[in-house]
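S.K.: Structure here, sequence nowhere to be found:
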């Protein structure tokens, strides 16, 4: 195998690892958004008066809770898609590493 092909394969592996790292960050952010929206929805639907925002009526809390529920559901769906992408991306990187090891005879630096 030519050196340029080996170097191209190494660069592709490094690039895919960077993309996977960015996908992990997207997963963490979407999970955080789901948790925040769940807390807001609980606050809005529970009707418990709190000391932090005592002047907000139930009529105002209900739409806020429904909006938080919709945003949380979308974030949860996105989070599931990111998990699928992470699993498939990891499999692809491992197959590229196996391909590189097969072509170099296991002599990867």
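M.R.: Happy to help now that I have it. None of the values given here were measured: they were computed from a predicted structure.

S.K.: any idea how far residue 98 is from residue 19?
M.R.: Distance, residue 19 to residue 98, by CB to CB, to the nearest Å: 19 Å. (Each C-beta comes from the backbone N, C-alpha and C, glycine too.)

S.K.: Show me which of the two is the more surrounded one.
M.R.: residue 19 (13 against 10; other CB atoms under 10 Å).

S.K.: any idea which element that one lies in?
M.R.: Assessed by DSSP states H and E, residue 19 sits inside helix 3-46.

S.K.: which helices and strands sit right next to the next helix or strand after that helix?
M.R.: Next in sequence after helix 3-46, counting helices and strands by DSSP H and E, comes helix 58-104. In terms of contacts (3 or more CB pairs under 8 Å, 6 or more residues apart in numbering; DSSP states H and E), helix 58-104 is packed against helix 3-46.

S.K.: ok, back up a step: now the helix holding residue 19, how far from the chain's geometric center?
M.R.: Between the centre of helix 3-46 and the centre of its chain there are 4 Å (CA atoms, centre = their mean, to the nearest Å).

S.K.: Show me what it is packed against.
M.R.: So helix 3-46, by 3+ CB pairs under 8 Å, 6+ apart, packs with helix 58-104.

S.K.: per-residue confidence averaged over the helix holding residue 19?
M.R.: Averaging pLDDT along helix 3-46 gives 94.

S.K.: Distance check, residue 79 against residue 23.
M.R.: 11 Å.

S.K.: Count the residues that sit near residue 76.
M.R.: Counted with other CB under 10 Å, the neighbours of residue 76 add up to 15.

S.K.: so what's the closest residue to it other than its chain neighbours up against?
M.R.: Nearest in space to residue 76, with sequence neighbours left out and distances taken as CB to CB, 6 or more residues apart in numbering, is residue 34 at 5.1 Å. Taking CB atoms under 8 Å, 6 or more residues apart in numbering, we find residue 34 in contact with 72, 75, 76, 79.

S.K.: residues touching the second one, list them.
M.R.: With contact taken as CB under 8 Å, 6+ apart, residue 75 is in contact with 30, 31, 33, 34, 37.
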